[in-house]
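Chemist: Coordinates for the following, if possible.
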Amino acid sequence: MTKVKPYKDSDLGKKEQVTKMFDTISGDYDGLNRVISFGIDIKWRKKVVKIVKEANPDSILDIATGTGDLAINLAETNATRIVGFDISSGMLEIGKQKVTKKGLDSKIEMILGDSENMPFDDNSFDAITVAFGVRNFESLENGLKEIYRVLKPNGTFVILETSMPTKTPYKQGYNFYTKNILPLIGKAFSKDRSAYKYLCESASVFPFGEALNNILRNIGFINVEDFPQTLGVATIYKSSK
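Modeler: Numbering: from 1, shown residues only. Predicted coordinates for the structure are as follows:
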């Protein structure tokens, strides 16, 4: 798999660089996401919530929660405990404000930490979600092993991640948009151009579809399924322990 330079030229590792990047763009993140995805990311998250809700979990961990969009959406389930977990304090601060504004402080807890070394006991959560976060792990395998560790037996794990359309002409259209249009949008709306360059490049080389399914199976997840969204520009992955 092709490797992407995580962020800016630096002596920092990928984890530190990604943390710095999201801290920097946290104020722009929500609005720019709506523009970049034409608002379709809202629909994708609703599908994730529907899948999780069917499992009727009491406890949910939302990894790479960012500004808390998915964690807040997951409040629609019957879960009594929802934890939003992220490595970026800047993103979490905005997420906490949104949770408070929604009146969900008693239900959603926002915690700062490293998704590849989480402060939770084995078998802690009935369901775990990650939306647009697994490709930012420093080690995909280590991150997924850690998720497997804290997920309860028979628990549900759902990933929402960008992917690449494979059919003509959607593949060509997607490539043109990500290489030519999306960087211009990032340049216009964000003070950190290199951040959105990284996000585009990392999406283009990240394993998707059956490739990611096989990685999940190798970790130990079972009942692995994938559901391409919107002509394949994103994919929802469902599995269990």
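Chemist: Tell me where this protein has helices.
Modeler: Remark: helices assigned in the chain by DSSP state H are 14-37, 40-54, 69-73, 89-101, 140-150, 170-176, 182-189, 193-205, 210-219.
Chemist: List the contacts of W44.
Modeler: Neighbouring residues of W44 by C-beta atoms under 8 Å, 6 or more residues apart in numbering: 131, 160, 229-230, 234, 236. Using the backbone N, CA and C atoms, a C-beta is placed for each residue, glycine as well.
Chemist: 10 Å instead, please
Modeler: 37, 70, 131-132, 160-161, 227, 229-230, 233-236 (C-beta atoms under 10 Å, 6 or more residues apart in numbering).
Chemist: and what of S115?
Modeler: Contacts of S115 by C-beta under 10 Å, 6+ apart are 15, 61, 63-65, 85-87, 130, 133-134, 136-138, 142-144, 146-147.
Chemist: Would you mind checking these for buried ones?
Modeler: By neighbour count, with 16 or more other C-beta atoms under 10 Å, the contacts of S115 hold 15, 61, 63-65, 85-87, 130, 133-134, 136-138, 143-144, 146-147 as buried.
Chemist: Distance from the longest strand along the chain to the middle of the chain?
Modeler: Secondary structure of the chain read by DSSP state E shows that its longest strand is strand 151-162. The chain centroid and the centroid of strand 151-162 are separated by 12 Å, computed with C-alpha atoms, centre = their mean, to the nearest Å.
Chemist: who does that strand pair up with?
Modeler: strand 125-131 (parallel), strand 234-240 (antiparallel) (DSSP bridges).
Chemist: then the last one to PDB, C-alphas only?
Modeler: In this case it means strand 234-240. C-alpha atoms of strand 234-240 as PDB (Å, rounded to 0.1, in the frame of the first residue of the first chain):
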ATOM      1  CA  ALA A 234     -17.700   6.100   1.300                       C
ATOM      2  CA  THR A 235     -18.300   2.700   2.900                       C
ATOM      3  CA  ILE A 236     -19.900   1.400   6.100                       C
ATOM      4  CA  TYR A 237     -18.300  -1.700   7.600                       C
ATOM      5  CA  LYS A 238     -20.100  -3.800  10.100                       C
ATOM      6  CA  SER A 239     -18.600  -6.600  12.200                       C
ATOM      7  CA  SER A 240     -18.800  -8.200  15.600                       C
END
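Chemist: G95 against I82, yeah?
Modeler: No: at 11.7 Å, G95 does not count as touching I82 under the criterion of C-beta atoms under 10 Å.
Chemist: circling back: ok, which of the strands paired with strand 151-162 comes nearest D114?
Modeler: Among those, strand 125-131 comes nearest to D114, with 13.8 Å by C-beta to C-beta.
Chemist: quick one: average pLDDT of the closest one?
Modeler: Strand 125-131 shows an average pLDDT of 98 in the prediction.
Chemist: what angle do it and helix 40-54 make?
Modeler: If you take axes from the mean of the first three to the mean of the last three C-alpha atoms, to 10 degrees, strand 125-131 sits at 170 degrees to helix 40-54.
Chemist: Strand 125-131: how far from the chain's middle?
Modeler: So, by C-alpha atoms, centre = their mean, the centroid of strand 125-131 is 11 Å from its chain's centroid.
Chemist: tilt between that strand and helix 140-150?
Modeler: Using the same axes, to 10 degrees: strand 125-131 against helix 140-150 is 150 degrees.
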